[in-house]
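Asker: A predicted structure for the sequence below; I have some questions about it.
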Amino acid sequence: MLVSADTIQGGGTAACALANRLSSDPSITVLLVEAGRVSDTWSSRVPLISANFMANKAGTYDRVSIPQSHLEGREQHLYTGKAIGGTSRINAMLYTRGSAGEYNAMAGAGRTGWGFDDVTP
């Protein structure tokens, strides 16, 4: 996601949340730019079907890594979402929450409001 004074480039999860928050102020105009399509079909809303990103190349970027020494020089395919919603469109609607210790460490480093008890609600 790239954010400038008047544009949010990339329509992934964070960018969409940011655009929504910014656009709640009627004095602010927000332009969200995404290279991919809207991808609002029946199959794109079914988690196990939408996660089949290899069959749906139009909704993904397929990048190849550099050779990985710990994988005996093999390259890896790195898939990311290319649609409004970003990679969340292809991850079967799975998510993970960081550990309590990670959030509490951020709060302990002075980031007020980022403790686990703060962000859990």
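Answerer: Yep, it's here. Numbers count the residues shown, from 1 in each chain.
Asker: can you show me the CA trace of the longest helix seen in the chain as CSV?
Answerer: The residue-count maximum for a helix in the chain (DSSP state H) belongs to helix 13-23. What follows is helix 13-23, C-alpha atoms only, in CSV (Å, rounded to 0.1, in the frame of the first residue of the first chain):
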residue,chain,number,x,y,z
THR,A,13,-7.3,-5.0,3.6
ALA,A,14,-5.4,-2.2,5.3
ALA,A,15,-5.9,0.2,2.4
CYS,A,16,-9.6,-0.4,2.3
ALA,A,17,-9.8,0.1,6.1
LEU,A,18,-7.8,3.3,5.8
ALA,A,19,-9.9,4.6,2.9
ASN,A,20,-13.1,3.9,4.9
ARG,A,21,-11.8,5.7,7.9
LEU,A,22,-10.6,8.7,5.9
SER,A,23,-13.8,9.0,3.9
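Asker: which other helices and strands does the helix or strand just after that helix contact?
Answerer: Under the assignment DSSP states H and E, the closest C-terminal helix or strand after helix 13-23 is strand 31-33. Where contact means 3 or more CB pairs under 8 Å, 6 or more residues apart in numbering; DSSP states H and E, strand 31-33 is packed against strand 7-9, helix 13-23. Glycine gets a C-beta too; all of them are placed from N, C-alpha and C.
Asker: residues of strand 31-33 that come out buried?
Answerer: By 16 or more other CB atoms under 10 Å, the buried positions in strand 31-33 come out as Leu32.
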